[in-house]
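Engineer: here is my input; please provide its structure:
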Amino acid sequence: MGEHRIHPTAVIHPQAELGNDVEIGPYTVIEEGVELGDGCRVGPFSRLTGLTQIGPKNVFESHCSVGAPPQDLKYGGEPTRLIIGSNNVFREFVTLHRGTPGGGAVTRIGDDGLYMAYVHIAHDCQIGRSTIFANGATLAGHVEVGDRATIGAFSAVHQFCRVGDYAFLGGFTVATKDCLPFMKTVGSRPARCFGPNTIGLERLGFAPDQRLALKAAWRLLHNPKLPTGEALAQVEDQLGEQREIKVLLEFIHSSHRGVILSRG
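Structural biologist: Below is the predicted model:
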């Protein structure tokens, strides 16, 4: 093991692997099977357990539960994993669960994410990079979240749903179908899509022509006078050369649960 700053009340299993320059706070427990990367900081009263691989420079603020068994009645103690990338911040009381054999056996979290207090990531979820999960955001099992997506406070995503790249879910959203990339999805009973996340995309460097193309695609997809198949065909014919439109169309065509629209 490298150089560490470990509080004397912390409990570290001798078979846990700690990288260099790791800081472990008071009353934290790190169990066998955990691999903690260089420069990580684990705050007080946290528990890291299971076959959990954590990359460098992650911060677990306090009271985090990382790598606990999945909340799935079919799980029988199999050696499943949680894999976390680098440079993430996990705030107070975040819970991150390992995978299940039926879901690929791995829960995976990318790099550079912010997971605010009380976020829950369930078994077998696959999370991209540079995501933001606001307070209390919850993913059921087997959810996929794309790069730079934002999940609003106290939102919930149904199992086996997908949230596309650059998607934005407003606070208290209940998503029971796939949420379109680049778009704002808000509400429940049911949730609705409200078009491109214009301000967010502009802040992330999307050019005006890219934003206009996404807005034109959304207008076609949400035209109540066009059958869905015809709307998709028109989007492809009129806008299909744009990279973002190709991503949008591929997301829709590959959906198994259907996508959230707002057709009258």
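
Engineer: poorly predicted segments of the stretch 151-264 of the chain, please.
Structural biologist: 263-264 (pLDDT under 70).

Engineer: would you map the strands across it?
Structural biologist: 156-157, 162-163, 168-169, 174-175, 183-186, 192-196 (DSSP state E, counting those that start in this stretch).

Engineer: and residue 251, how far is that from residue 52?
Structural biologist: For residue 251, the distance to residue 52 equals 30 Å [CB to CB, to the nearest Å]. Every C-beta, even on glycine, is put in place using the N, C-alpha and C of the backbone.

Engineer: circling back to that earlier point, closest one to residue 140 among the strands of the stretch 151-264 of the chain?
Structural biologist: Among the strands of the stretch 151-264 of the chain, strand 156-157 comes nearest to residue 140, with 6.4 Å by CB to CB.

Engineer: check which helices and strands that closest one is in contact with.
Structural biologist: strand 138-139, strand 174-175 (3 or more CB pairs under 8 Å, 6 or more residues apart in numbering; DSSP states H and E).

Engineer: adding distance to residue 239 and mean neighbour count, write those strands out as TSV.
Structural biologist: Formatted as TSV, the helices and strands packed on strand 156-157 follow (distance: least, CB to CB, whole Å; neighbours: other CB atoms under 10 Å):
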stretch	distance to residue 239	mean neighbour count
strand 138-139	31	23
strand 174-175	25	21
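
Engineer: quick one: closest of those to residue 87.
Structural biologist: Per CB to CB, nearest to residue 87 of those: strand 138-139, 20.3 Å.

Engineer: name every strand pairing with the closest one and say which way it goes.
Structural biologist: Its sheet considered, strand 138-139 pairs with strand 120-121 (parallel), strand 156-157 (parallel) by DSSP bridges.

Engineer: average pLDDT across it?
Structural biologist: Here strand 138-139 scores 98 as its mean pLDDT.

Engineer: got a list of what residue 30 touches?
Structural biologist: By CB atoms under 8 Å, 6 or more residues apart in numbering, residue 30 lies in contact with 10, 11, 12, 13, 16, 18, 24, 36, 42, 47, 48.
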